[in-house]
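Student: Below are the sequence and a predicted model; questions follow.
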Amino acid sequence: MPDSVSTSTPGDRAASVENSVWRLRARGCWSEAACLLEDLPGPEPALRRAALLVEGCLYTGEGWEQAEDGLRTAEALARDDDARGAAACERGHLAYAATLLGIRDRADEASSALGRAAALLAPGSARRPLLDFRRGLIAEHLARAPQSARAAYRRAHAGATAHHDLLLQSYTWHHLAELALRDGELAEARHGFGQCLRLREDLGYVVGVAATLAALADAEGESEAARLRAEARRLWLLLGKVPAALAPRLRLPAPTADLA
């Protein structure tokens, strides 16, 4: 009996890789997702691989050298302004993450890289909403300029909506809600966090759900807040305490003394 012949097409195989990458990323397995892209040729897989590794650094506080290597590869393979701009955007995000987490002060590098990305990316590029969002992050967390951050997040949200980028929309909803919470606008904050939570649950973006639950808890009354934090803690522990920076917001109970 002859061997069966595979009828899968290159498009089928590409879709299978895409699905596997997304499932791993959504569960906080960034290195494993990046490995699936390692042997694919061309600048786009290299760029996506670097982006995964950078995101892993932000969530875990680890993997910096691997992310730097991935970025250097993506930068070397970039052949047009759009790819170079995207690589610069990732370079800025890595520098932002290192500064935010106290690994090393790279704030000037972050701003410079995102400025370079802005110069390279065309106004209508599908990559611009992510750039706007990241400029908002720098304005909010490094420059301490909430008004500038809000304007950048709104531009990013409009762009993400136009390009049907639901994951980025979840991020813009979350950060606009954080600013509203800071201003005491509880109804607006609850709405934003609720929209973010709905999108992340619909997408199956599990690794982002705990942070949204904990943030929503800060905008709710005591009883509902306790329930949301308990749910967030359970999910956070299941994911191996990722995001690492979420621990203070979960208001974890103090460890009990060892009576043995």
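Tutor: Yep, that arrived. Because the structure is a prediction, the values reported are computed rather than measured. Residues are numbered from 1 along each chain as shown.

Student: ok, now which ones touch the closest residue to R116 other than its chain neighbours?
Tutor: Distances taken as C-beta to C-beta, 6 or more residues apart in numbering put A88 closest to R116, at 4.3 Å, once the chain neighbours are dropped. Any C-beta I mention is one placed from the backbone N, CA and C, and that applies to glycine too. The contact partners of A88, by C-beta atoms under 8 Å, 6 or more residues apart in numbering, come to 113-114, 116-117, 120.

Student: Repeat the analysis, applying 10 Å as the threshold.
Tutor: Taking C-beta atoms under 10 Å, 6 or more residues apart in numbering, we find A88 in contact with 71, 75, 78, 112-121, 131.

Student: Show me which parts of the strand or helix carrying A88 are buried, residue by residue.
Tutor: According to DSSP states H and E, A88 maps onto helix 81-100. Within helix 81-100, the residues scored as buried using 16 or more other C-beta atoms under 10 Å are 82-100.

Student: what about the residue most central in space within the chain, which helix or strand?
Tutor: Centroid-nearest residue in the chain: E55, 5.7 Å away (criterion: C-alpha atoms, centre = their mean). In the assignment (DSSP H and E), E55 maps to helix 43-60.

Student: so after that helix, what's the next helix or strand?
Tutor: Helix 43-60 is succeeded, C-terminally, by helix 64-77 (DSSP H and E).

Student: ok, which stretches of the chain are strands?
Tutor: Taking DSSP state E as the criterion, the chain carries no strands.

Student: Flag the shaky bits of it, pLDDT-wise.
Tutor: Residues of the chain meeting the criterion pLDDT under 70: 1-12, 253-260.

Student: And the helices in it, which stretches?
Tutor: In the chain, helices defined by DSSP state H lie at 10-26, 30-37, 43-60, 64-77, 81-100, 107-120, 128-137, 146-162, 166-182, 186-203, 209-217, 222-238, 247-250, listed in chain order.

Student: what's the angle between the helix holding A88 and helix 107-120?
Tutor: Interaxial angle of helix 81-100 relative to helix 107-120 (axes from the mean of the first three to the mean of the last three C-alpha atoms, to 10 degrees): 160 degrees.

Student: Compute the inter-axis angle for helix 81-100 and helix 43-60.
Tutor: Using the same axes, to 10 degrees: helix 81-100 against helix 43-60 is 10 degrees.

Student: what about helix 81-100, distance to the chain center?
Tutor: 13 Å (C-alpha atoms, centre = their mean, to the nearest Å).

Student: now stretch 140-150
Tutor: Using C-alpha atoms, centre = their mean, the offset of stretch 140-150 from its chain centre is 18 Å.

Student: Pull up the distance across that stretch, start to finish.
Tutor: Counting by C-alpha to C-alpha, to the nearest Å, you get 8 Å between the two ends of stretch 140-150.

Student: Of all the residues in it, which ones are buried?
Tutor: Neighbour-count burial for stretch 140-150 [16+ other C-beta under 10 Å]: 140, 142, 149-150.

Student: coming back round to it: from the contact counts, what lies against the helix holding E55?
Tutor: If you count contacts as 3 or more C-beta pairs under 10 Å, 6 or more residues apart in numbering; DSSP states H and E, helix 43-60 packs onto helix 10-26, helix 30-37, helix 64-77, helix 81-100.

Student: In JSON lines, list the ones you listed along with distance to R135.
Tutor: Converted to JSON lines, these look like this (distance: least, C-beta to C-beta, whole Å):
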{"stretch": "helix 10-26", "distance to R135": "23"}
{"stretch": "helix 30-37", "distance to R135": "23"}
{"stretch": "helix 64-77", "distance to R135": "19"}
{"stretch": "helix 81-100", "distance to R135": "9"}
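
Student: Among these, which comes closest to V242?
Tutor: Closest approach to V242 among the helices and strands packed on helix 43-60 (C-beta to C-beta): helix 30-37, 9.6 Å.

Student: can you give me the angle that closest one makes with helix 43-60?
Tutor: Using the same axes, to 10 degrees: helix 30-37 against helix 43-60 is 170 degrees.
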